[in-house]
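Student: Take a look and give me a structure for this.
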Amino acid sequence: MLDLLQAVPREDFVPPQYAGLAFADIEIPIGEGQSMLSPKLEGRILQALEVRSTDKVLEIGTGSGYLTALLAKSAREVVSVELSPSLSKLAGERLAKSGICNVTLEVGNAAEGWTAQAPYDVIVFTGSLPVSPESVKQSLTIGGRMFVVSGDAPAMQATMIRRIGEDSFKHDVIFETCIPPLNNAPQPERFQF
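Tutor: Residues are numbered from 1 along each chain as shown. As a prediction, the model looks like this:
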């Protein structure tokens, strides 16, 4: 894991004015109201996913491209979908500068999944969702893993979902955290008086 973090300089993926804070345990703003996940959380996500060199990964929320780069260094292929065209373009430039070429960047709303290149061995959401995305699980291969943070602030649950059969999934809450919501996340119906 440490080798992976050393192989991809985080400072190359943060806005220049924050380069000195690249490894501070904070969410660094990247523009358009978005921020990078903290380095500690990125490490925990990678550790939980156990990405293998044969895996095809779907990342929902490209952001700065840093987690994308870490996933790409571990996986066979990464499909990363970003809602913001300008963030996707910037991430693409950073990935190219880092020599990472096994990533397909897409622009669109993947809050409810991205079936175009499914199935995937790994799916990771980089923003929180109010509820766990049931339909997205169907894009996992048997044995596939999905990382998602769901719930409402201040107590959200980081959950690992494993597909163990055609219609069987195992959900494990691995830690509690609080991260910004994914833009365009589907909202649950709320009770109204």
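
Student: how distant is the strand or helix carrying residue 89 from the center of its chain?
Tutor: Secondary structure assignment for residue 89, by DSSP states H and E: helix 85-97. Chain-centre distance of helix 85-97: 16 Å, with C-alpha atoms, centre = their mean, to the nearest Å.

Student: continuing past that helix, what's the next helix or strand?
Tutor: Following helix 85-97 toward the C-terminus (DSSP H and E): strand 103-107.

Student: what's in contact with the strand of greatest length in the chain?
Tutor: Ranked by residue count and defined by DSSP state E, the top strand of the chain is strand 140-152. The contact list for strand 140-152 (C-beta atoms under 8 Å, 6 or more residues apart in numbering) reads 45, 48-50, 119-125, 127-133, 136-137, 156-166, 177, 179. (C-beta placed from N, C-alpha, C; glycine too.)

Student: list the helices and strands the helix or strand bottoming out on mean pLDDT in the chain packs on?
Tutor: Ranked by mean pLDDT, DSSP states H and E, the weakest helix or strand in the chain is helix 2-7, scoring a mean of 74. The contact analysis (3 or more C-beta pairs under 8 Å, 6 or more residues apart in numbering; DSSP states H and E) places helix 2-7 against helix 39-49, helix 66-74.

Student: go with 6 Å
Tutor: Applying 3 or more C-beta pairs under 6 Å, 6 or more residues apart in numbering; DSSP states H and E, one finds that helix 2-7 contacts helix 66-74.

Student: Output the contacting helices and strands for the very next helix or strand once past the helix it packs on.
Tutor: Moving toward the C-terminus from helix 66-74, the next helix or strand (DSSP H and E) is strand 77-82. Applying 3+ C-beta pairs under 6 Å, 6+ apart, one finds that strand 77-82 contacts strand 56-60, helix 66-74, strand 103-107.

Student: Determine which stretch of those is the most buried.
Tutor: Greatest average neighbour count among these goes to strand 56-60 (a mean of 26), per mean count of other C-beta atoms under 10 Å.

Student: What lies in contact with stretch 18-25?
Tutor: 10, 11, 14, 28, 38, 39, 40 (C-beta atoms under 6 Å, 6 or more residues apart in numbering).

Student: ok, now with 10 Å
Tutor: 5, 9-15, 26, 28-30, 36, 38-41, 66 (C-beta atoms under 10 Å, 6 or more residues apart in numbering).

Student: Give the buried subset of the residues you listed as a PyMOL selection command.
Tutor: This is the PyMOL syntax for the buried subset of those, where burial follows 16 or more other C-beta atoms under 10 Å:
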select buried, resi 5+10+12+13+14+28+30+36+38+39+41+66
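
Student: In this protein, where is pLDDT below threshold?
Tutor: 1-2, 187-193 (pLDDT under 70).

Student: change it to 90
Tutor: The chain contains residues with pLDDT under 90 at 1-7, 19, 23, 25-26, 32-33, 112, 131-135, 152-155, 183-193.

Student: Now do the contacts for the spatially closest residue to residue 60 that is not a sequence neighbour.
Tutor: Nearest residue to residue 60, sequence neighbours excluded (C-beta to C-beta, 6 or more residues apart in numbering): residue 110, at 4.5 Å. By C-beta under 10 Å, 6+ apart, the contact list for residue 110 reads 58-62, 79-83, 116, 123, 125, 136, 182, 184.
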